[in-house]
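Participant: Okay, predicted coordinates and the sequence, questions at the end:
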Amino acid sequence: EVQLVESGGGLVQAGGSLRLSCAASGFTSDDYAIGWFRQAPGMEREGVSCISRSDGSTDYADSVKGRFTISGDNAKNTVWLQMNSLKPEDTAVYYCADWDGRRWGSWGQGTQVTVSS
């Protein structure tokens with residue numbers, strides 16, 4: 001089973017930056033991608049970005065395009081989410097998850113990101 005641990009959250013002013021990390025262990029050949037999700041209080045969880053473990057292709061939610069960058073290092077089993085030009089509406093708990101070809105099966109415990117105005 002894949003285990004994921006997020007870190008790097010914190011409190012930042014609007015316009016600032018944070019870099020989240022997702023450290024993974026237990027990958028198998030069936031683990032295709034890592035995604036970042038977020039959930040704000042009272043809101044549904046939403047997908048933010050994802051990266052393929054095979055070819056490094058990426059995808060982003062429209063709300064973060066041009067501000068967030070996902071990257072990964074398979075040798076280190078780590079995925080990062082660089083978040084720039086942060087807005088108060090980016091405030092949420094951020095989670096990383098593993099796509100095993102069928103579902104987002106394993107999730108981290110989350111890291112809080114708070115953006116003050």
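Facilitator: Cool, got the structure. Note that this is a predicted model, so its numbers are computed, not measured.
Participant: Please, which helix or strand holds the nearest residue to Gly110 once chain neighbours are set aside?
Facilitator: Distances taken as C-beta to C-beta, 6 or more residues apart in numbering place Val93 nearest to Gly110, at 4.3 Å, with adjacent residues excluded. C-beta coordinates here come from the backbone N, C-alpha and C atoms, glycine included. Element membership of Val93, judged by DSSP states H and E, is strand 92-99.
Participant: most centrally placed residue in the protein?
Facilitator: Trp36 (2.6 Å; C-alpha atoms, centre = their mean).
Participant: which SS state does it fall under?
Facilitator: strand (DSSP: H, G, I helix; E, B strand; the rest coil).
Participant: For the closest residue to it other than its chain neighbours, which residues are in contact?
Facilitator: Once flanking residues are discounted, Trp36 sits nearest to Val48: 4.3 Å by C-beta to C-beta, 6+ apart. Applying C-beta atoms under 8 Å, 6 or more residues apart in numbering to Val48 gives the contacts Gly35, Trp36, Phe37, Arg38, Tyr60, Ala61, Val64, Phe68, Leu81, Tyr94.
Participant: List only buried entries from those residues.
Facilitator: Gly35, Trp36, Phe37, Arg38, Tyr60, Val64, Phe68, Leu81, Tyr94 (16 or more other C-beta atoms under 10 Å).
Participant: I'd like the next helix or strand past the one helix or strand in the chain whose mean pLDDT sits lowest.
Facilitator: Within the chain, no helix or strand scores below strand 104-107, which has a mean of 92 by mean pLDDT, DSSP states H and E. Once strand 104-107 ends, the next helix or strand along the chain (criterion: DSSP H and E) is strand 111-116.
Participant: Can I get stretch 53-60 in PDB? Just the C-alpha atoms.
Facilitator: The C-alpha trace of stretch 53-60 is given here as PDB (Å, rounded to 0.1, in the frame of the first residue of the first chain):
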ATOM      1  CA  ARG A  53       4.900   9.000 -12.900                       C
ATOM      2  CA  SER A  54       5.700   7.600 -16.300                       C
ATOM      3  CA  ASP A  55       6.100  10.600 -18.500                       C
ATOM      4  CA  GLY A  56       5.900  13.600 -16.200                       C
ATOM      5  CA  SER A  57       2.800  15.000 -18.000                       C
ATOM      6  CA  THR A  58       0.900  17.400 -15.900                       C
ATOM      7  CA  ASP A  59      -2.600  18.900 -15.500                       C
ATOM      8  CA  TYR A  60      -4.000  21.800 -13.600                       C
END
